[in-house]
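**Student:** sharing a model prediction with you, sequence too.
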Amino acid sequence: MDRGLGLADIMRELRLNRHTVRKFMRASSVDEILIHGPSGRTGVLDAHADYVARRWDEGCTRAHILHAELADRGVHVSLRTVQRLLHRMRECGAPAPQSLAPKPRQVSALILTPPDLLPEPDRALLKELGTRCPDLAHLQALVEEFAEMLVHRQGDEKLDGWLNSAKLSGIPELRHFADGLSRDVEAVRAGLTMPWSSGVVEGHVNRIKMLKRQMFDRAGHRLLRHRILLA
């Protein structure tokens with residue numbers, strides 16, 4: 001309409017039928033299209049229109065994610081209903097989100113990368129994510145503390161305190177990790193304190209396993225022994 005196109009031109013360009021285009025042209029606001037269904041009656045999502053619009057602005061444009069979030073809020077609605085709502089939002093020209101939320105793998109990479117090696121945009125993004133999600137900021141702090149303990153061999157001094165903080169963090173994955181370390185805490189403490197490492201032994205073990213896989217069902221132990229010794 002802003003370009004001076006008529007009804008027929010809009011139908012042809014947007015590939016919509018006459019009834020849909022006329023309905024959009026007569027609507028006084030976007031909410032009039034979003035809240036009311038094709039029949040003009042209010043739907044089950046009317047009371048949650050503000051939440052849906054806010055999540056759209058935050059980058060949540062996938063129906064299955066929004067459907068799961070609504071279910072957590074106690075809204076019993078079908079996935080198809082959510083898909084129709086998002087389709088109407090796109091048809092009526094709802095502004096596209098400025099930026100999509102980063103993927104879990106991307107956030108993990110940001111947290112696990114040493115802060116000094118992060119470019120400035122990534123540092124800003126990580127700071128913003130921590131501001132929006134306190135649990136993520138807490139997780140980042142614990143990961144950095146563990147990395148410092150690992151690099152500087154401070155397990156004898158800080159391991160017990162770190163395990164307690166991890167178990168009380170309220171983050172299930174971190175709590176499970178801490179429980180696993182606690183089952184063999186003395187070995188973990190030694191690994192985070194002493195300068196010796198079993199890395200060389202593990203390397204030889206992996207090399208022998210590789211040779212065994214290469215010779216599987218092709219030769220006996222005698223040839224395997226020769227290959228290991230000669231290598």
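**Tutor:** Nice, I can see it.
**Student:** tell me the helix or strand right after the longest helix belonging to the chain.
**Tutor:** Looking only at the chain and at elements set by DSSP state H, the helix with the highest residue count is helix 134-151. Secondary structure here is assigned by DSSP states H and E; on that basis, the next helix or strand after helix 134-151 toward the C-terminus is helix 155-167.
**Student:** list the buried residues in the longest helix of the chain.
**Tutor:** Neighbour-count burial for helix 134-151, counted by 16 or more other Cβ atoms under 10 Å, picks out 136, 138, 139, 140, 142, 145, 146, 149. Heads up, the C-betas are built off the backbone N, CA and C, glycines and all.
**Student:** which one of those is nearest residue 128?
**Tutor:** Nearest to residue 128 among those is residue 136, at 10.3 Å by Cβ to Cβ.
**Student:** pLDDT wise, what is that closest one at?
**Tutor:** According to the per-residue confidence, residue 136 scores 90 in pLDDT.
**Student:** neighbours of residue 220, how many?
**Tutor:** Neighbourhood size, residue 220 [other Cβ atoms under 10 Å]: 8.
**Student:** likewise the one 4 residues further on?
**Tutor:** Using other Cβ under 10 Å, residue 224 has 15 neighbouring residues.
**Student:** ok, back up a step: can you give me how far the longest helix of the chain is from the chain middle?
**Tutor:** When C-alpha coordinates are averaged (Cα atoms, centre = their mean, to the nearest Å), helix 134-151 and its chain have centres 18 Å apart.
**Student:** ok, stretch 201-208 next?
**Tutor:** On the basis of Cα atoms, centre = their mean, stretch 201-208 sits 35 Å off its chain's mean C-alpha point.
**Student:** ok, stretch 188-205 next?
**Tutor:** Relative to its parent chain, stretch 188-205 has a centroid offset of 32 Å by Cα atoms, centre = their mean.
**Student:** I'd like the average pLDDT over it.
**Tutor:** Predicted confidence along stretch 188-205 averages 89 (mean pLDDT).
**Student:** next: stretch 223-231.
**Tutor:** Mean predicted confidence for stretch 223-231 is 84.
**Student:** list the contacts of it.
**Tutor:** Residues outside stretch 223-231 that contact it (Cβ atoms under 8 Å, 6 or more residues apart in numbering): 207, 208, 211, 212, 215.
**Student:** and residue 210, which helix or strand is it part of?
**Tutor:** With DSSP H and E as criterion, residue 210 is part of helix 199-214.
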